[in-house]
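**Q** make a model of this:
(one chain, ligands or ions: 1)
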Amino acid sequence: MSRIYLDHNATTPVHPAVLEEMLPYLRDVFGNPSSIHWFGQEARQAVDRARQRVADLIGAEPKEIVFTSGGTEAINYALRGAVEQYAENSRQIITSPIEHQAVLNSCGYLEDRGFQVTRLPVDEYGAVSPESAADAITGDTVLITVMLANNEVGTIQPLTEIAGVAKERDLLVHTDAVQAVGKIPLNVQQLGVDLLSLSGHKFYGPKGIGALYIRRGVNVAPLIYGGHQERRRRAGTENVPAIVGLGKACELAGEELEDSAARVAALRDRLEEGILSQIPQTQLNGHPENRLPNTLNMSFSSVEGESLLMNLDLLGIAVSAGSACAAGAAEPSHVLTAMGIDPEQSQGSIRFSLGRGTTEADVDATVKALVEVVGKLRELSPLSADPDAGNQRSGG
Ligand code: PLP
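**A** Predicted coordinates:
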């Protein structure tokens, strides 16, 4: 069976050029970057080159990049480390309710230790307003953390404005940019953030590698203690092949981003139009324009998202119901709930996330399969709605 992969927000295949670049570091170049001899220095140079490439992609200096084991570690390090460093007198953290579990649960951990966590509301599209951030700031606020782009619906936050509000009050700003890096152009200077988390496997790099950008002059207490690696900010012998892969993925993202974003957005729009025009009672979740170019989240009324996912999987099409990390959970998506979407609509939601391998034929085959599967599931559903009812374009 030929398979169609539309779950690139969960993870992406490793780019062939990334694999090529990594292979020598798995096979031949085995030195420890901390060793002074030739073997060590060969590995050290590769790590330095990768650090430069990561920095170049986001408009940072190489010294501002710390390699981590992925997005989750970068986020834990940013939030717990910044709070430990700066929160002597400040006890409030501001965030949003639509963050990834890595942020939600790091904030929960801090909340259990006595910090006050303020969760800003989001609108029907999943956007946080800079005004609500300004209103939430108190004399006790230490940090604002708001994701740059949401993993489930793709909505892009007005982060420059939110960071602007924070800067007026001299507060730290972290953003989880795990879904944004490699998909939209971004620059830490323009965003005005102090801390930014990214992850290799979301943009054709290997799994288990990520980075935290830490603006020069900002100090973050380490999460992991041990040797002197990463200028004492993250101990442990570096995962050289993965770091090399992340560096190459960043270089490719910088070169290909503009073309690939336009191509993938056209395919995403084709998928959306196909669904809206051929399947009644479907609804777009998330912002219709201000969203990631590869992401489409749709609700199909009277259908369980999980059943739809499994039926599509049987036809060789991989999608996600809610976020990958929440898959299997019976509760409706916390993102859609925060956007004010009712539980029934939320349960019938599917995320399609396209990527560099997606073709027009994939999109057309997916629409065809959806027409068939949604029709079949609705026939079986006791909730089945009036088939003549129309569609809606916006979330809420
Ligand atoms: N943040 C967001 C928005 C994500 O989508 C993910 C992964 O799904 C993460 C953080 C965690 O990244 P990692 O898988 O590298 O730990």
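**Q** Arg351 and Ala321, how far apart?
**A** Remark: distance between Arg351 and Ala321 (CB to CB, to the nearest Å) = 7 Å. Backbone N, C-alpha and C define where each C-beta goes, glycine included.
**Q** when those two are compared, which one has more neighbours?
**A** Neighbours were counted for Arg351 and for Ala321 using other CB atoms under 10 Å; Arg351 has more, 28 against 25.
**Q** tell me if that one really is in a strand.
**A** Yes. Counting by DSSP: H, G, I helix; E, B strand; the rest coil, Arg351 is found in a strand.
**Q** Provide the partner residues of it in its beta bridges.
**A** Beta bridges link Arg351 to Asn297, Ser320 when assigned by DSSP bridges.
**Q** which residues of this structure lie near the ligand?
**A** Selection of the chain residues close to the ligand by CB under 6 Å from any ligand atom yields 70-72, 100, 102, 147, 151, 176, 178-179, 199, 210, 325.
**Q** so which of those sits lowest on pLDDT?
**A** Across the residues of the chain next to the ligand, no position has a lower pLDDT than Cys325, which has 43.
**Q** in space, what's closest to the residue of the chain found nearest the ligand - neighbours in sequence excluded?
**A** Of all residues in the chain, the one sitting closest to the ligand is Gly71 (2.6 Å; CB to the nearest ligand atom). Sequence neighbours aside, Ser199 is the residue nearest to Gly71 in space, at 3.3 Å (criterion: CB to CB, 6 or more residues apart in numbering).
**Q** check contacts around the residue positioned nearest the centre of the chain.
**A** Centroid-nearest residue in the chain: Gln179, 2.5 Å away (criterion: CA atoms, centre = their mean). Residues near Gln179 by CB atoms under 8 Å, 6 or more residues apart in numbering: 9, 147-151, 154, 202, 292, 295.
**Q** what's the answer for Ala361, then?
**A** If you count contacts by CB under 8 Å, 6+ apart, Ala361 has none.
**Q** need phi/psi at the residue nearest to the centre of the chain.
**A** phi -90, psi -10 (degrees, to the nearest 10).
**Q** so where is the chain shaky, pLDDT-wise?
**A** Confidence mapping of the chain against pLDDT under 70 gives the ranges 89-90, 322-330, 383-396.
**Q** what about the helices in it?
**A** For the chain, applying DSSP state H gives helices covering 16-27, 38-58, 71-86, 101-112, 130-136, 159-168, 188-191, 229-232, 240-278, 305-314, 334-338, 343-347, 360-380.
**Q** apart from its neighbours in sequence, what residue is nearest His213?
**A** That one is not His; residue 213 is Tyr. Spatially, and ignoring its direct neighbours in sequence, Tyr213 is nearest to Leu196 (4.2 Å; CB to CB, 6+ apart).
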